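Engineer: kindly generate the corresponding structure for this input.
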Amino acid sequence: VQLVESGGGLVQPGGSLRLSCVASGFTFSSYAMNWYRQAPGKERELVATITSAGGSTNYADSVKGRFTISRDNRKKTVYLQMNSLKPEDTAVYYCYWWDSRRGDSWGQGTQVTVSS
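Structural biologist: Predicted coordinates for the structure are as follows:
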């Protein structure tokens, strides 16, 4: 299993970024996918989850109304659209997959920095 994130960078408060995670090594369309983040000195936290077909999503309270998770099963890619970014959104963002029999896998992470 391989998860490769991209799309991070430096953005001013109020700005937007779109993260992508390309997956391989498993049947992407059969699994829910997740985005996590970890800020300096803090524990990793779940940001958003999307079901296998994309019909249901869930978000951390801190990002509701600002972030949108989506997926393209043909491209084996999950996205995180982040709008109205705040300095407290600064973190390394990770894509995450889990299977009850095969275990789990993390991407390498992509750095998002929100600063003026």
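Engineer: confidence-wise, which helix or strand of this protein is lowest on average?
Structural biologist: Lowest mean confidence among the helices and strands of the chain (mean pLDDT, DSSP states H and E): strand 103-106, at a mean of 94.
Engineer: show me what the next helix-or-strand element following that strand is in contact with.
Structural biologist: Downstream of strand 103-106, the first helix or strand assigned by DSSP states H and E is strand 110-114. Residues outside strand 110-114 that contact it (C-beta atoms under 8 Å, 6 or more residues apart in numbering): 5-13, 15, 17, 19, 37, 82, 85-93. To be clear about C-beta, it is placed using only N, CA and C from the backbone, and glycine gets the same treatment.
Engineer: centre-most residue in this protein?
Structural biologist: Trp35 (2.9 Å; C-alpha atoms, centre = their mean).
Engineer: helix or strand: which one has it?
Structural biologist: Trp35 belongs to strand 33-38 when assigned by DSSP H and E.
Engineer: now tell me what touches that strand from outside.
Structural biologist: Under C-beta under 8 Å, 6+ apart, the answer for strand 33-38 is 19, 21, 23, 44-50, 69, 71, 78, 80, 89, 91-98, 109, 112.
Engineer: surely Glu45 meets Asp61?
Structural biologist: No. The criterion here is C-beta atoms under 8 Å, and Glu45 misses it with Asp61 at 10.7 Å.
Engineer: what about these two, which has more around it?
Structural biologist: More crowded of Glu45 and Asp61, by other C-beta atoms under 10 Å: Glu45, with 13 against 6.
Engineer: so that one bridges to which residues?
Structural biologist: Arg37 (DSSP bridges).
Engineer: any idea how far it is from Gln38?
Structural biologist: 7 Å (C-beta to C-beta, to the nearest Å).
Engineer: for Ser24, same thing?
Structural biologist: Relative to Gln38, Ser24 is positioned 23 Å away (C-beta to C-beta).
Engineer: lovely, talk soon.
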